[in-house]
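# heads up, no residue letters with this:
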């Protein structure tokens, strides 16, 4: 499990957390993959998920795309978790920076992932900094949008099954930016240690 950096209880009874670590090792019900629309797991978080969870994850995604077509930007898809310690994977397709309407597409991708987790009665979810890697989304704006999307979802759905949204990020730079956003949005008391 990742090292806890920050946590904030929402008014709806949920919990938003920040951990530094490897998302493939998180002990949560479901993890979110920062996916491309064809669900190809080449590098970044997607590549790490297949390396840790097995080729059956890529095979399941290939079957999904053959059956339903590519996942549109701002939407998400479910797959089994292979050998990962979670119950499933939500593949959220965030925007590539420069394609237009990126903030709304990122909000939509996060909301789609949270909604899919709640529909499947998952209680805890861990996600990375969607689109902030090879897709080039500015990290500070990514942190602002994703954290606010988590707050909005948990406050708007207080009776849903999804009660914990955890950001699990492996690199120091991005963890630092998300930590600053937690402090800015929730105050110094949200920081752990």
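Structure's in. What do you need? Remember, it's a predicted structure, so these values are computed and weren't measured experimentally.

# only C-alpha atoms from now on, for both contacts and neighbour counts.
Noted.

# what pLDDT does residue 1 get?
Predicted confidence (pLDDT) for residue 1: 69.

# residues touching the residue nearest the centre of the chain, list them.
Taking CA atoms, centre = their mean, the centroid of the chain lies closest to residue 127, which sits 2.3 Å from it. Residues in contact with residue 127 (CA atoms under 8 Å, 6 or more residues apart in numbering) are 23, 31-33, 165-168.

# and the strands in this protein?
Remark: strands assigned in the chain by DSSP state E are 3-9, 15-20, 30-35, 76-79, 88-93, 124-127, 164-169.

# now tell me what touches the first one from outside.
Contacts with strand 3-9, where a contact means CA under 8 Å, 6+ apart, come from 15-21, 179, 182, 186, 190-193.

# got it, and the last one?
Contacts to strand 164-169, defined as CA under 8 Å, 6+ apart, come from residues 2, 14-23, 123-129, 150, 175.

# how far out from the middle of the chain is that strand?
7 Å (CA atoms, centre = their mean, to the nearest Å).

# now swap in the fifth one and tell me
Once both centres are worked out by CA atoms, centre = their mean, strand 88-93 turns out to sit 8 Å from its chain's centre.

# equivalent analysis for the fourth one, please.
Shown here is strand 76-79, whose average C-alpha point lies 12 Å from the average C-alpha point of the whole chain (CA atoms, centre = their mean).

# just checking: what are the partner strands of it?
Applying DSSP bridges, strand 76-79 is found paired with strand 88-93 (antiparallel).

# avg pLDDT for the partner strand?
Mean pLDDT, strand 88-93: 98.

# stretch 45-56 too?
For stretch 45-56, the mean pLDDT works out to 94.

# cool, and stretch 64-81?
On average, stretch 64-81 scores 97.
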